[in-house]
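In: I would like to see how this sequence folds:
(one chain, ligands or ions: 1)
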Amino acid sequence: MSQVAVITGAAQGIGRRTAQVLNEQGWNLVLLDLQSVDASEYKSYLALAGDITDEQFVELAAKQCMNTFGRVDALVNNAGISCISSALETSADLYRKVIDVNLVAPFLLAKAFGREMIAIGSGSVVNVASVAGLQGVADRSAYNASKHGLIGLTRTLAVEWGAKGVRVNAVCPGWVKTEMDHKDQAGGSYTDADIMDHVPMGRFAKPDDIAQAIAFLCDSSKSGFINGVSLPVDGGWTADGSWQSLRLKHR
Ligand SMILES: NC(=O)c1ccc[n+]([C@@H]2O[C@H](COP(=O)([O-])OP(=O)(O)OC[C@H]3O[C@@H](n4cnc5c(N)ncnc54)[C@H](O)[C@@H]3O)[C@@H](O)[C@H]2O)c1
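Out: So this is what the prediction gives:
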């Protein structure tokens, strides 16, 4: 029987590439996004447009997934929003919005779909966090707090649900070339060179780099005893404690 993966933020970027990779591997897809998803490239899918911070939409998506496919095997909590703003200039409303999308919504989705996984005694939740969930990065108080929180949620669900056969892990991408990066750079806060000079591997991540790691964590035949990890997919960013001149000496 084909397995079923739910992917949030599936319309573009990392979510879209993850949907393509999983579909190529034979997974049925449930594609969720605020925007409508161009699903013509997929074989077997259910696409629903809606806001994942809305608990009613999340419950409806779980119900429709069960009505259509009768099961769910993987949930990829990928949708997220960026927020580049100094702490003193970040309003409480903006801070709450980022936490709502990046941390509360993955919790709602994990409950709605995790319940179904627990019922069949197997499943995998993959949360898309960030290197910003592992380290501080200036001007990102709300975003970094949301991603640190998502890693905390990952570990907690891993220990609550491990004995029920449901694994919960996170991937922590470095900087990836997507719409999010284009918009952030358009705001003038960093350049390609800032990132490439810092990454030991000297390049941005491609959406495919992240999608392959997500697909590995979804697949219990490959990652069946991996539970509660937060896997950096960052070209060595978080491993690197070098100072800038030392780092550049090795290019
Ligand atoms: N691009 C990067 O450099 C980078 C680095 C580290 C982590 N990440 C994380 O990876 C994930 C995907 O990033 P991306 O670069 O592909 O982003 P993106 O902005 O290109 O795509 C995000 C998608 O999520 C959807 N979305 C946003 N809010 C939503 C909501 N409330 N309900 C439903 N859908 C919603 C958007 O419509 C969009 O299609 C995010 O969680 C992001 O924080 C990205």
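
In: and the strands in the stretch 51-200 of the chain, which stretches?
Out: Assigned strands in the stretch 51-200 of the chain, in chain order: 74-77, 123-128, 166-173 (criterion: DSSP state E, counting those that start in this stretch).

In: mean confidence for the second one?
Out: With pLDDT averaged residue by residue, strand 123-128 scores 99.

In: so how far is Asp234 from the closest residue to Lys147 other than its chain neighbours?
Out: When the adjacent residues along the chain are set aside, Lys147 lies closest to Gly133, with 3.3 Å between them (CB to CB, 6 or more residues apart in numbering). Where you see a C-beta, it was placed from the backbone N, CA and C, and this is true even at glycine. The gap separating Gly133 from Asp234 is 11 Å, by CB to CB, to the nearest Å.

In: surely Ile84 and Ser189 touch.
Out: Yes. Here Ile84 reaches Ser189: they are 4.9 Å apart, a contact under CB atoms under 8 Å.

In: contacting residues for Asn127?
Out: With contacts defined as CB atoms under 8 Å, 6 or more residues apart in numbering, Asn127 is in contact with Asn77, Pro106, Leu150, Ile151, Leu153, Thr154, Val168, Asn169, Ala170, Val171.

In: identify the farthest-apart pair in the residues you listed.
Out: Of all pairs drawn from the contacts of Asn127, the one with the largest separation by CB to CB is Leu153 and Val171; the distance is 14.0 Å.

In: compare the two (neighbour count), which wins?
Out: Val171 (29 against 21; other CB atoms under 10 Å).

In: contacts only, for that one.
Out: Val126, Asn127, Val128, Ala129, Ile210, Ala213, Ile214, Leu217, Ser230, Leu231, Val233.

In: need the pLDDT of it.
Out: The score at Val171 is 99. That number is its pLDDT.

In: that one pairs with what?
Out: According to DSSP bridges, the residues that bridge with Val171 are Val128, Leu231.

In: gap between it and the ligand?
Out: 8 Å (CB to the nearest ligand atom, to the nearest Å).
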